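Asker: build me a structure from this.
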Amino acid sequence: MYREISNHTVFVEGRPVHYQMVDRTGDRQETSREAIVLVHGLSASSYWWTRNIAPLAQHYRLYLVDLPGFGSMRQHRQHFHLRQTASWLIQWMEKIELTKAHFIGHSMGGFICTELAARRPEVVGKLVLVAPAFIPPARQVRHYLLPLCLGITHTSPAFWPILTYDAMRTGPLTLLNAARQLMAQGDHEHISALSMPTLLIWGQHDTLVPAELGQLLIKEIPQAQLIILARAGHVCMFEQAPLFNKHVLNFLHAEQTDKTVH
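Answerer: Numbering: from 1, shown residues only. The predicted structure is shown next:
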C-alpha cells in the first residue's frame, strides 16, 4: 500500500517549485528507501505517470516534479530553457536534500535526464529513458504535426482527457517554444559519456520518436538495454503500463547485464 500523494513546495532560483512525493503506508524508515524521480515530456505533466505510480511506489520512494512552463508549473512559462533544465533539476534535488535517485524520463524528459546524468553522474543511480527525444535538428516543427496526430491514434482513449487537459495548461506558445528548443539541439555527444546502467523503452508504433532510434542509441550508450513494447505508441508507459512497470522494476532490481534487445 502507498499513501496518497503528498504535495510540497520549495524555492529554486527565487521561484516556487511544486512537486509531489509518494511513499509507503506505515514505513517509518521511508527515507532509507531508494528514490525515483519521474520527469515528464513535452506538453505533459506528472499526470502522465498515473498508471505507474502504485507499482513503483511498492518498492521505491517516488518524486514527481513538473518542469517550468508545464502542469502545475505553467505560470513559469517564460522560464523554460531546455539547456538549463538539467541544472534546475539538480538545484531542486539540493533543496529537498535528495542526494541520489534513479531517473525515469519520457520524451523531452528523457533528453533532459541524459544531460543531468552526464553532468552529475554521482546523483544518478540507474537511468530509464522512455522514447527519449533525440530529434534531428534539420527537421522543423511543422514536420512533426502529422506524426503527433498519428501518435494520438495509437493512444488509449483513456489517456485523451489527460492529453487534452495538459495541452490546454501548456498552451500553444509554450509548446512551440519548447519544441523549437528541443529540435535545435544537435549535439548529443554527451550520451556516450553516460556511466550508469540505462534502460531504453520504446513503443513499437511510436510515430513521434520512432523506435528505430533506440537501435542507434543502444550502440552509443555504454551500459544500455533496449526494450520495445508491442501495441504501444509514444506514451508507452500509459498504453502498456503493466508490461512497462514489470520491465522497469526488473531493471532496477537486477544487476546490469549485457546489451539486450527484446
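
Asker: next structured bit after the lowest-mean-pLDDT helix or strand in the chain?
Answerer: Using mean pLDDT, DSSP states H and E, helix 145-153 stands out as the lowest-scoring helix or strand of the chain, at a mean of 55. Per DSSP states H and E, the first helix or strand lying C-terminal to helix 145-153 is helix 160-170.

Asker: sec struct for the most centrally placed residue in the chain, please.
Answerer: Nearest to the mean C-alpha position of the chain, by C-alpha atoms, centre = their mean, lies Gly105 at 1.8 Å. Secondary structure state of Gly105, per DSSP: H, G, I helix; E, B strand; the rest coil, is strand.

Asker: got a pLDDT number for the closest residue to it other than its chain neighbours?
Answerer: Leaving aside its chain neighbours, Gly105 sits nearest to Cys113 (3.5 Å; criterion: C-beta to C-beta, 6 or more residues apart in numbering). C-beta here means a position set from N, CA and C on the backbone, and glycine is covered the same way. We have a pLDDT of 96 for Cys113.

Asker: buried sites along the helix or strand containing Cys113?
Answerer: If you go by DSSP H and E, Cys113 is part of helix 108-119. Residues of helix 108-119 classed as buried: Met108, Gly109, Gly110, Phe111, Ile112, Cys113, Thr114, Glu115, Leu116, Ala117, Ala118 (neighbour count, 16 or more other C-beta atoms under 10 Å).

Asker: of all the residues you listed, which comes closest to Ala158?
Answerer: Nearest to Ala158 among these is Gly109, at 21.1 Å by C-beta to C-beta.

Asker: how close does Ser195 sit to Gly105?
Answerer: Relative to Gly105, Ser195 is positioned 17 Å away (C-beta to C-beta, to the nearest Å).

Asker: quick check: Arg120 touching Gln91?
Answerer: No: the criterion here is C-beta atoms under 8 Å, and Arg120 misses it with Gln91 at 11.1 Å.

Asker: what's the overlap in contacts for those two?
Answerer: Between them, Arg120 and Gln91 share no contacting residue under C-beta atoms under 8 Å, 6 or more residues apart in numbering.

Asker: ok so, going back, so who does the residue nearest to the centre of the chain touch?
Answerer: Leu38, Val39, Gly41, Phe111, Ile112, Cys113, Thr114, Leu127, Val128, Leu129, Val130, Pro132.

Asker: can you do 6 Å?
Answerer: Contacts for Gly105 (C-beta atoms under 6 Å, 6 or more residues apart in numbering) come out as Val39, Cys113, Leu129.
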